[in-house]
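> Here is a sequence with its predicted model. Questions after.
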Amino acid sequence: SGAVRFLLLDATYPTETYPIIINDIVGASATNTFTLKPSTGVTSTISGASASTAVIKILSSYATIDGSNTVNGTTRDLTIENTSVTSPIAVWFGSTGTTTMNASGIKNCNVINGVNTSSAIVLTDGALTTVGGYFTNFTIQNNSVKKAYIGIYSFYATAVGNGNGCVYSGNSLNTSGANSVRNVGIYVQGADGALVTKNDIGNFDGTSSEDDKGVWFATGTVNSTISANNIHDLVYTGTGGYGGHGIAVSSTITGANITIVNNMIANMAGDGW
């Protein structure tokens, strides 16, 4: 029909069975999209314990979680929280087989995980988080991400063009104390054409014996850019010889064509590293 479809959230809702799954939407397209969004003027929370999986799992292209309760807004009026302490994920985007998930994403949300030993926002294969997924034109924008081992974890299957147009922009992964990110802010593996830009990343948990990383371009990442991020206060306070890395690159690809430009990196500290 070409209509944009919305699921409008009220401030209260009945008991849910988790994960809430948005399966592949037949007929979804650039002009027939799905948006999960609070009603106008409503501040909403989706919170519950979902062990070893997500609170919300999206398996469809053209499906977006938009936490602003205004049209085209940038306010964060939707909180998504997984309260489980057993391998929780707050939001999981998963592709099916080798079919590419296109033009989906999450923006304007408060995302909180149950413990800092697993990732809060995940992009992988739809069945297993240990298998790379297929994504293009994906958007993760203006979210606040708290309490996670890796704030935003994205694992792309290595394939030409996989990851093209995927943008991580304007997110805040900068909360100190019990809700801090523990090890990595934004992790990107295997992407071809991703952009990480204008994110505020800092104040990780400094007690765990590991090297914190603000942004990490890992194995197989090519033709991708890290720009204009504010990465700060990654300070290891222990005595185990660890430290903080503002940006880490371990693509292992010769001629990976990775651009790192105009980032502000400040207050990296550790113990003899």
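Structure's in. What do you need?
> Ile112 versus the residue nearest to Gly114 when sequence neighbours are not counted, what's the distance?
In this structure, Gly114 finds its nearest non-sequential neighbour in Pro88, 4.0 Å apart by CB to CB, 6 or more residues apart in numbering. Every C-beta, even on glycine, is put in place using the N, C-alpha and C of the backbone. Distance of Pro88 to Ile112, given as CB to CB, to the nearest Å: 10 Å.
> out of the two, which sits in the more crowded spot?
Pro88 (27 against 23; other CB atoms under 10 Å).
> Quick one: residues contacting that one.
Shown in contact with Pro88 (CB atoms under 8 Å, 6 or more residues apart in numbering): 49-52, 54, 82, 113-115, 118.
> any weak-confidence spans in the chain?
1-14, 273 (pLDDT under 70).
> Give the burial count for Tyr18, as a bare number.
Look at Tyr18: counted by other CB under 10 Å, it has 18 neighbours.
> Repeat that for Asp233.
Using other CB under 10 Å, Asp233 has 19 other residues around it.
> what about it, is that helix, strand or coil?
strand (DSSP: H, G, I helix; E, B strand; the rest coil).
> you'd agree it is up against Asn203?
Yes. Using CB atoms under 8 Å, Asp233 is in contact with Asn203, at 4.8 Å.
> what is in contact with the two at once?
In contact with both Asp233 and Asn203: Ser176, using CB under 8 Å, 6+ apart.
> Now do Asp125 against Tyr153, distance only.
According to CB to CB, Asp125 and Tyr153 sit 12 Å apart.
> Looking at those two, which has the bigger crowd around it?
Tyr153 (23 against 19).
> give me every residue that touches Met264.
229-232.
> With distance to Gly165 and neighbour count as extra columns, can I get these in CSV?
Shown next, in CSV, are these (distance: CB to CB, whole Å; neighbours: other CB atoms under 10 Å):
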residue, distance to Gly165, neighbour count
Asn229, 19, 26
Asn230, 23, 17
Ile231, 23, 27
His232, 28, 19
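> Pick out the most distant pair among those.
Asn229 and His232 (9.7 Å; CB to CB).
> For the two, list the residues in contact with both.
When CB under 8 Å, 6+ apart defines a contact, the residues bordering Asn229 and His232 alike are 201, 264.
> which stretches of the stretch 151-273 of the chain form strands?
Along the stretch 151-273 of the chain, counting by DSSP state E, counting those that start in this stretch, strands occupy 167-169, 172-173, 181-189, 195-197, 200-202, 212-218, 225-227, 230-235, 244-249, 259-261, 264-269.
> So which other helices or strands are in contact with the fifth one?
Spelled out, it's strand 200-202. If you count contacts as 3 or more CB pairs under 8 Å, 6 or more residues apart in numbering; DSSP states H and E, strand 200-202 packs onto strand 172-173, strand 181-189, strand 212-218, strand 230-235.
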